[in-house]
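Asks: fold the following, please.
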Amino acid sequence: MPDSLTHRVVASDLSFPEGPVVLRDGSVLVVEIRGARLTRIRPDGDRETVASWAGPDRAGPNGAAIGPDGACYICNNGGFIWSPRGDFSVPADPKTGATQPDAYLTGSIDRVDLATGEIRALYTECDGQRLCGPNDLVFDREGGLWFTDHGKRRAFDEDRCGVYYAAADGSRIERTLFPLHAPNGIGLSPDESTLYVAETPTGRLWSYPVTHPGKVDPRGAQCLVNTIGRFDSLGVEADGTVVVAAIDQGLCVVRPNGETSYVDVPGPAATNICWGGDDMKTAYVTESLEGKLYAYEWPRPGLELAYSV
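Replies: Okay, the predicted model is just below:
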């Protein structure tokens, strides 16, 4: 049975939240994928829209991270098909499983000025191939940006996807892992010697040895977890524990010794996790279908990311 940790609701009525980022003042940034906006939730519960994109069939802010210049960098998946399912809206056509809407043009990596809300697309392609559906991202201490491209599905085919590494100033991008099956969550070990990547449809968590900034050795790949569920985004704790949002199964906790357990999350779609607080032991978890942001009393501190504001 999943563990049940003390938690509270920080915010509700969010429009498919993802990509939580804790700021130094205790507020939390979340993307609202269906709402096509970046939202700041303050400690007192007040919220404000930091930046807005075109409609949800043309843009989908999906993952977020603070970069070396203090801006917020966004994986923009390019938009989804949104369909009703009971009380919720889901990002797919229920008849075909397709996710790519008619108005879709491309995915991108976007830079958001947190002071002005200005959005600038840094990357829309790599080596002449468009970015299909960028999903999650993490910066290393060299200032480089690792991100996954989850791709898009159509009624009878889907994109082949991978992992990319890019400069924060828009000057350089390269494909570092290809192909992977709909990669989603991505993270780095505390010493940045290991890259973690979660695949959604396979329920697999992979690790790759990092040989240089932006380079991994695929021959050293290890499958740390292979489940029958579906994985979304992930976070890393200070001791190297990897926590993967397992959608309808809560949070999959993978300890450094290989032990695996689960933490319960209310609702059908846990999608991401990050940590904050003075001791880094408050875990913020997005539940996308019900539109909630939770705060958990976590038993261990999360990893301090390379950059914060």
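
Asks: in terms of helices and strands, where is the closest residue to Y196 other than its chain neighbours?
Replies: Using C-beta to C-beta, 6 or more residues apart in numbering and skipping residues adjacent in sequence, the residue nearest Y196 is G187, 4.6 Å away. Bear in mind the C-beta positions are built from the backbone N, C-alpha and C, glycine included. Using DSSP states H and E, G187 falls within strand 183-188.

Asks: and for P56?
Replies: P56 belongs to no helix or strand when elements are defined using DSSP H and E.

Asks: for it, give its distance to K215.
Replies: Per C-beta to C-beta, to the nearest Å, P56 is found 35 Å from K215.

Asks: can you pull out the residues in contact with the strand or helix carrying V253?
Replies: Following DSSP H and E, the helix or strand that holds V253 is strand 251-254. Residues from elsewhere that reach strand 251-254 (C-beta atoms under 8 Å, 6 or more residues apart in numbering): 205, 224-225, 227, 229, 231, 241-246, 260-263, 265, 270, 273, 285.

Asks: what packs against the next helix or strand after the strand holding G187?
Replies: For strand 183-188, the following helix or strand on the C-terminal side (DSSP H and E) is strand 194-199. With contacts taken as 3 or more C-beta pairs under 8 Å, 6 or more residues apart in numbering; DSSP states H and E, strand 194-199 sits against strand 173-180, strand 183-188, strand 204-212, strand 234-236.

Asks: just for the stretch 1-150 of the chain, where's the confidence low?
Replies: Residue ranges of the stretch 1-150 of the chain with pLDDT under 70: 1.

Asks: show me where it has its helices.
Replies: Per DSSP state H, counting those that start in this stretch, the stretch 1-150 of the chain carries no helices over any range.

Asks: how many neighbours does G302 have?
Replies: Using other C-beta atoms under 10 Å, G302 has 25 neighbouring residues.

Asks: let me redo that: T106
Replies: By other C-beta under 10 Å, 17 other residues sit near T106.

Asks: separation between it and Y123?
Replies: According to C-beta to C-beta, T106 and Y123 sit 10 Å apart.

Asks: mutual contacts of the two, please.
Replies: Taking C-beta under 8 Å, 6+ apart as the criterion, T106 and Y123 both touch L131.

Asks: on that earlier part again, tell me which of the helices and strands packed on strand 194-199 lies nearest to Y307.
Replies: Closest approach to Y307 among these is made by strand 183-188 (12.6 Å; C-beta to C-beta).

Asks: sorry, back to before: tell me the buried residues within the contacts of strand 251-254.
Replies: For the contacts of strand 251-254, a burial check counting by 16 or more other C-beta atoms under 10 Å picks out 205, 224-225, 227, 229, 231, 241-246, 262-263, 265, 270, 273, 285.

Asks: looking at those, which are in helices?
Replies: Judged by DSSP state H, helices contain none of these.

Asks: now, which of the residues you listed lie within strands?
Replies: Among those, the members falling in strands (DSSP state E) are L205, L224, V225, V242, V243, V244, A245, Y262, V263, A270, I273, V285.

Asks: now render those residues as a markdown table, adding pLDDT and distance to H181.
Replies: Shown next, in a markdown table, are these (pLDDT from 0 to 100; distance: C-beta to C-beta, whole Å):
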| residue | pLDDT | distance to H181 |
| --- | --- | --- |
| L205 | 98 | 13 |
| L224 | 98 | 16 |
| V225 | 97 | 15 |
| V242 | 98 | 19 |
| V243 | 98 | 21 |
| V244 | 98 | 15 |
| A245 | 98 | 17 |
| Y262 | 97 | 22 |
| V263 | 98 | 25 |
| A270 | 98 | 20 |
| I273 | 98 | 22 |
| V285 | 98 | 25 |
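
Asks: please list all residues in contact with the residue nearest the centre of the chain.
Replies: The residue lying closest to the centre of the chain (C-alpha atoms, centre = their mean) is D136, at 3.6 Å. By C-beta under 8 Å, 6+ apart, the contact set of D136 is G19, N62, G63, C75, F147, T148, N184, G185, I186, S233, L234, N272.

Asks: ok, the second one touching V31?
Replies: Translated: N62. Yes. N62 is within contact range of V31, at 6.3 Å (criterion: C-beta atoms under 8 Å).
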